[in-house]
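Q: pasting the structure only:
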């Protein structure tokens, strides 16, 4: 199979390979795919208090196109707000990397990974807000 | 590596000898006059051009026959290659013997040329039993025996598997088929010249052979069709001028056949020594990889294995990504991503190897022109790239953290 230059470039020089602390409250982690299907992507975002994605990291088990798709995704995520990040579509990744039809699923997986990381981040924020609420409640009671 | 700096290593390195082999220069030399100087049609009976070609084909026929232990050169039917030979053997027998029976026995790890031919025959009323293999990829002769019914006309089991190199117990199966009076076909392309093979002592009745897997040209092969004890009959699948004893019409590919004959002769003379040399190189590769890397698995049997085959799963690394990383080396992978079907290897699947490890498998195929320098280069390159890809693999990180990957709820897609 012939790969596009962009796929090869990302594959040979992958951006943002690594791991963020998944227990950090500002970090959202998405783990998608399955080993039996031949690709697993883990994509992580670290969101600042201003709601902007400060950092993004990935690790991918998969073919060159899957690695390139996740590498590109992390590049695009940085500096975006979470809402902006949510608008990244698989078609944009496929187009940027010139993925052939048989490799479209790699870009779909990257979109899934972004969505999953955002969902994890939001769930953490919601859980935290809840904890703050319950923490705050006795204080409120005390004040009464 | 000291002292080896001067050895010129030519890139890319070819380690895919199961797919095809380069034509031996000695074979090319033998073929050349038959393109323009001695270009006659072997079927032309009225002039010397035809006689010369016919004589050359006759010599090649004798060489191929002698190579597989056939007593009579007329038992060699030249074809376009092993796919055609497999088709002719299975369809030809099924059609000719349809009044005797309609049952064929084969294995789940055969080449597609056999499996898809069986699928076609099933549509046409044949019944086919597909025998399973064990974890090493070996067929049990007892399973063959137990599958034979009074309707069985043919058993087809490959000599050696093209993916994992497992060598099948052909002699034992041949004993059973002979005893039961059932014809026995073997697709021998991967094993000929590499492991012992002889149609007489192994009681084989039909053998598919191709030239391009044994340093001959592409587009030429043969089907051995036994002529006595028992005499095997076939219905021709290609109609025309009645060439090849009426079993395969079509003007003979004289240069190809001449090259095939020469390749068979060389293999007959040198195959045993060559295989020892190739086995030593294969073992050097295996030892190197196993010394350098953890979590790697040999697929197939170590004992009953083609000398030039090494099929390895590098866990936590996807096969196609690894191929891309070692682009200076020509190998192949059982990963779905490298096949048109997007399904991982059916051979590894049949051996009970999980899809995850099938996706991580690489087949190294060593052959006549493989050198020690190449093996050492490949060992180092593969090691470095597997380490690099594992650093990028979430699975390897999870494995190192002690997470059981089988316990994870994966979202299949």
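A: Everything's here; your move. Since this is a predicted model, take the numbers as computed values, not measurements.

Q: Just the mean pLDDT for the strand or helix carrying residue B:272, thanks.
A: According to DSSP states H and E, residue B:272 maps onto helix B:254-292. Helix B:254-292 carries an average pLDDT of 98.

Q: partners of the helix or strand following that helix in the sheet?
A: Per DSSP H and E, the first helix or strand lying C-terminal to helix B:254-292 is strand B:296-298. According to DSSP bridges, strand B:296-298 forms sheet pairs with strand B:309-314 (antiparallel).

Q: OK, now which residue of the stretch 51-200 of chain B is nearest to chain A?
A: Chain A sits closest to residue B:163 of the stretch 51-200 of chain B, with a gap of 16.8 Å, by C-beta to the nearest C-beta. Just so you know, the C-beta spots here come from the backbone N, C-alpha and C atoms, and that holds for glycine as well.

Q: That residue touches residue B:345, doesn't it?
A: Yes - judged on C-beta atoms under 8 Å, residue B:163 makes contact with residue B:345 at a distance of 6.0 Å.

Q: What is the burial count for residue B:267?
A: The tally of other residues near residue B:267 (other C-beta atoms under 10 Å in any protein chain shown) stands at 22.

Q: all strands for the chain, in order.
A: No chain was given, so I picked chain A. Counting by DSSP state E, the segments of chain A that form strands are A:27-34, A:39-47, A:53-61.

Q: other chain: chain B
A: Counting by DSSP E, the strands of chain B are B:13-14, B:76-79, B:103-107, B:127-131, B:152-156, B:183-187, B:206-210, B:221-225, B:296-298, B:309-314, B:329-330, B:332-333, B:361-365.

Q: Low-confidence regions, chain B specifically.
A: Applying pLDDT under 70 to chain B flags the ranges B:1-7, B:336-342, B:412-413.

Q: Angles on the backbone of the residue of the stretch 51-200 of chain B closest to chain A, please.
A: Dihedral angles of residue B:163 (phi, psi; degrees, to the nearest 10) stand at phi -90, psi -50.

Q: any residues in contact with both of residue B:163 and residue B:345?
A: Counting by C-beta atoms under 8 Å, 6 or more residues apart in numbering or on different chains, the shared contacts of residue B:163 and residue B:345 are residue B:334.

Q: When these two are compared, which one has more neighbours?
A: Higher neighbour count among residue B:163 and residue B:345: residue B:345, with 27 against 24, using other C-beta under 10 Å.

Q: what residues does chain A put near chain B?
A: Residues of chain A lying near chain B by C-beta under 8 Å from any C-beta of the partner chain: A:1, A:3, A:8, A:11, A:14, A:17, A:19, A:31-42, A:59-64, A:66-67, A:102, A:105, A:108-109, A:112.

Q: re the thing from before, from the strands of chain A, which stretch is densest packed?
A: Between these, strand A:39-47 has the highest mean count of neighbours, a mean of 26, where neighbours are mean count of other C-beta atoms under 10 Å in any protein chain shown.

Q: residue contacts, the residue nearest to the spatial centre of chain B?
A: The geometric centre of chain B, computed from its C-alpha atoms, lies nearest to residue B:190 (C-alpha atoms, centre = their mean), at 2.9 Å. By C-beta under 8 Å, 6+ apart, residue B:190 lies in contact with B:18, B:158, B:159, B:160, B:161, B:162, B:165, B:213, B:306.

Q: Serialize these to TSV and add fields for neighbour count.
A: Compiled in TSV, the contacts of residue B:190 are given as follows (neighbours: other C-beta atoms under 10 Å in any protein chain shown):
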residue	neighbour count
B:18	25
B:158	26
B:159	23
B:160	26
B:161	31
B:162	24
B:165	28
B:213	26
B:306	28
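
Q: angle of the longest helix seen in chain A against strand A:53-61?
A: When chain A is scanned for its longest helix (criterion: DSSP state H), the result is helix A:104-143. Between helix A:104-143 and strand A:53-61, the angle comes out at 130 degrees (axes from the mean of the first three to the mean of the last three C-alpha atoms, to 10 degrees).

Q: Which elements pack onto helix A:104-143?
A: Packed against helix A:104-143, as judged by 3 or more C-beta pairs under 8 Å, 6 or more residues apart in numbering or on different chains; DSSP states H and E, are the following elements: strand A:27-34, strand A:39-47, helix A:64-77, helix A:82-85, helix A:90-97.

Q: Now do the buried residues in the shortest one.
A: I take that to be helix A:82-85. Across helix A:82-85, burial judged by 16 or more other C-beta atoms under 10 Å in any protein chain shown covers A:82, A:85.

Q: For that helix, give the mean pLDDT please.
A: When pLDDT is averaged along helix A:82-85, the result is 96.

Q: circling back: enumerate every residue touching the residue of the stretch 51-200 of chain B closest to chain A.
A: Here residue B:163 is in contact with B:18, B:109, B:299, B:311, B:334, B:345, B:347, B:348, B:363 (criterion: C-beta under 8 Å, 6+ apart).

Q: tally of neighbours for the last one?
A: The one in question is residue B:363. Residues lying near residue B:363 (other C-beta under 10 Å) number 24.

Q: so it touches residue B:161, yeah?
A: No - with contact defined as C-beta under 8 Å, residue B:363 and residue B:161 do not form a contacting pair (10.5 Å).

Q: Break chain B down into its domains, please.
A: Taking automatic domain parsing as the domain assignment, the ranges for chain B are B:13-20+B:271-407, B:25-267.

Q: Which one of those domains lies nearest to residue A:75?
A: Of all the domains of chain B, it is domain B:13-20+B:271-407 that lies closest to residue A:75, at 15.2 Å by C-beta to C-beta.

Q: Next up, the contacts around residue 135.
A: No chain in the question, so chain A it is. Residues in contact with residue A:135 (C-beta under 8 Å, 6+ apart): none are found.

Q: right idea, wrong chain: chain B
A: B:351, B:352.

Q: same thing but 10 Å
A: Residues near residue B:135 by C-beta atoms under 10 Å, 6 or more residues apart in numbering or on different chains: B:299, B:300, B:301, B:350, B:351, B:352, B:353.

Q: how about the residues you listed in a markdown table, adding distance to chain A and neighbour count?
A: Shown next, in a markdown table, are those (distance: C-beta to the nearest C-beta, whole Å; neighbours: other C-beta atoms under 10 Å in any protein chain shown):
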| residue | distance to chain A | neighbour count |
| --- | --- | --- |
| B:299 | 16 | 28 |
| B:300 | 21 | 27 |
| B:301 | 24 | 18 |
| B:350 | 16 | 20 |
| B:351 | 16 | 25 |
| B:352 | 14 | 11 |
| B:353 | 11 | 24 |
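
Q: Tell me the residues of the stretch 251-400 of chain B that contact chain A?
A: With C-beta under 10 Å from any C-beta of the partner chain as the criterion, the stretch 251-400 of chain B meets chain A at residues B:315-325, B:327, B:333, B:335-338, B:340, B:342, B:344, B:354-360, B:388-398.

Q: Narrow these to just the buried residues.
A: For these, a burial check counting by 16+ other C-beta under 10 Å picks out B:315-325, B:333, B:335-338, B:344, B:354-360, B:388-390, B:392-398.

Q: In helices, which of those residues fall?
A: The helices, defined by DSSP H, take in B:319-325, B:355-359, B:388-390, B:394-398 from these.

Q: ok, and for the longest helix of chain A, which residues are buried?
A: By neighbour count with 16+ other C-beta under 10 Å, helix A:104-143 contains the buried residues A:104-118, A:120-121, A:124-125.

Q: Kindly report the residues of the stretch 101-250 of chain B close to chain A.
A: Remark: no part of the stretch 101-250 of chain B is in contact with chain A, using C-beta under 10 Å from any C-beta.

Q: Go through the contacts of residue B:163 and name the one nearest chain A.
A: Closest approach between these and chain A, by C-beta to the nearest C-beta: residue B:334, at 10.4 Å.
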